[in-house]
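Q: Predicted coordinates and the sequence they were generated for:
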Amino acid sequence: IGDEVTFRALWTHIGGKLPKRASSVPQNWAPPEELQAALESLYRSYQREYSRWEAALRDHGEPPPVMILVCPNTVVSRLMTEWIAGRQVDEDGEIHHINGRLPLFDNVGTAGWRSRPRTLLIDSAALESGDTLPKDFLAAAAPEIAKFKDDWRRQNPGADADQLTEQDLLREVMNTVGKKNMLGEHIRCVVSVGMLTEGWDANTVTHILGIRAFGSQLLCEQVIGRGLRRRSWALNDEGRF
C-alpha cells in the first residue's frame, strides 16, 4: 500500500477489521484482504517446503512441516481455523462439511471430518469445549493413545489413565506436534492464541504468521523461536549441519 510493505506492518492494516466478539461476526465472514493475501503468500511457500518433505523425508518416517498462526482472541482463532481447514454447517437438519481454503491444511475429507486432522485449533475455548478433535480420531489414533496412557501411568503411579479427558488428549496432541509415532505427528497447521510462546519444542515448524500485535520484543522473540528449532543434527560431507 503506497511505499509501505504491508506484510511487515500487517497488524496496522487488519487489527481494526478483526472481530472481538462472536456476536459481531457476519454470517459469511472472510479474512480482510491484507490478511488473506498474507496467508496465501505464506501458504505458497509452505507448499514448496511440503514438496521438499515429500521428496526427501516422508519415506524416512519424518513428520511433515508445520505452519503456526498466532491469533489475538478465541473468536479470530476459530474463524481462521474454519477458513483454513473447513467447517460444519446445519442446513435444514442436515449436516454438511465445507472444505477449507488451504488444501494441505484441510480437515474435511470425502465423507466429513478426517480422522487424522491436519489443522489443530488450540486455545482456551477449544480446551474448555473438548470437541476440537473429531470423534473418529480416538479410533484412528488408538495405538498412539495407548502409548500416551502407558507413559502417563509410569509418570503417575497409581493414577487411572482411563480418566484422562479429551482435553488431556488435545493437550497431548499439541505437545507432540512433529514427533514420530505420537498423537501430534500428522499435524501440519496449528492455530493458537498465545499458547505457543514458550515450553513448546516442535522442531518441524517452518512458517509462522502473527495475526496479532506484538507489544514486546520478548513475546515476538518467543514466537519466532518456535520456528528456529533445528530439525536434524546430522553432518554433511563437509562436517556441517
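A: In hand now; what should we look at? Numbering: from 1, shown residues only.
Q: Which parts of this protein are strands?
A: With strands called from DSSP state E, the chain shows them at 66-70, 87-91, 94-98, 108-109, 112-113, 119-122, 189-192, 205-210.
Q: Now do the second one: distance to the chain's middle.
A: With CA atoms, centre = their mean, to the nearest Å as the basis, strand 87-91 stands 21 Å off its chain's centre.
Q: Show me what it packs onto, helices and strands only.
A: Where contact means 3 or more CB pairs under 8 Å, 6 or more residues apart in numbering; DSSP states H and E, strand 87-91 is packed against strand 94-98. The C-beta positions use only the backbone N, C-alpha and C, and glycine is treated the same way.
Q: Walk me through which strands the strand it packs on pairs with, and which way each runs.
A: If you go by DSSP bridges, strand 94-98 pairs up with strand 87-91 (antiparallel).
Q: For the residue nearest in space to the middle of the chain, give me the pLDDT.
A: The centroid of the chain falls nearest to residue 190 when counting by CA atoms, centre = their mean (1.0 Å). At residue 190, the model reports a pLDDT of 93.
Q: who's in contact with it?
A: By CB atoms under 8 Å, 6 or more residues apart in numbering, residue 190 lies in contact with 66, 67, 68, 69, 119, 120, 122, 174, 177, 196.
Q: ok, how many other residues are close to residue 223?
A: A total of 21 residues lie near residue 223 under the criterion other CB atoms under 10 Å.
Q: To residue 143, which of the strands of the chain lies closest?
A: strand 119-122 (19.0 Å; CB to CB).
Q: Residues contacting that closest one, please?
A: By CB under 8 Å, 6+ apart, strand 119-122 touches 77-78, 81, 84-85, 100, 105-107, 132, 170, 173-174, 177, 184, 187-192, 195-196.
Q: try stretch 134-151
A: The contact list for stretch 134-151 (CB under 8 Å, 6+ apart) reads 107, 113-117, 161-162, 164, 169, 172, 181-183, 185.
Q: Closest one of the residues you listed to residue 56?
A: residue 185 (17.6 Å).
Q: Residue 172 is in contact with the closest one, correct?
A: No: if you go by CB atoms under 8 Å, residue 185 and residue 172 don't touch, sitting 11.5 Å apart.
Q: What pLDDT is listed against the closest residue to residue 128 other than its chain neighbours?
A: The shortest distance from residue 128 to any non-neighbouring residue, by CB to CB, 6 or more residues apart in numbering, is to residue 167 (7.8 Å). Listed pLDDT for residue 167 reads 86.
Q: how many other residues sit next to residue 167?
A: 16.
Q: Mind giving me the packing neighbours of the longest helix seen in the chain?
A: Taking DSSP state H as the criterion, the chain has its longest helix at helix 33-56. Counting by 3+ CB pairs under 8 Å, 6+ apart, the packing neighbours recorded for helix 33-56 are helix 10-14, strand 66-70, strand 205-210.
Q: which of those is buried the deepest?
A: Comparing those by mean neighbour count (mean count of other CB atoms under 10 Å), strand 66-70 ranks first with a mean of 24.
Q: Can you spell out which helices and strands pack onto that one?
A: Using 3+ CB pairs under 8 Å, 6+ apart as the test, strand 66-70 ends up in contact with helix 33-56, helix 74-85, strand 189-192, strand 205-210.
Q: among those, which is the most enclosed?
A: Using mean count of other CB under 10 Å, strand 189-192 ranks as the most buried of these, with a mean of 27.
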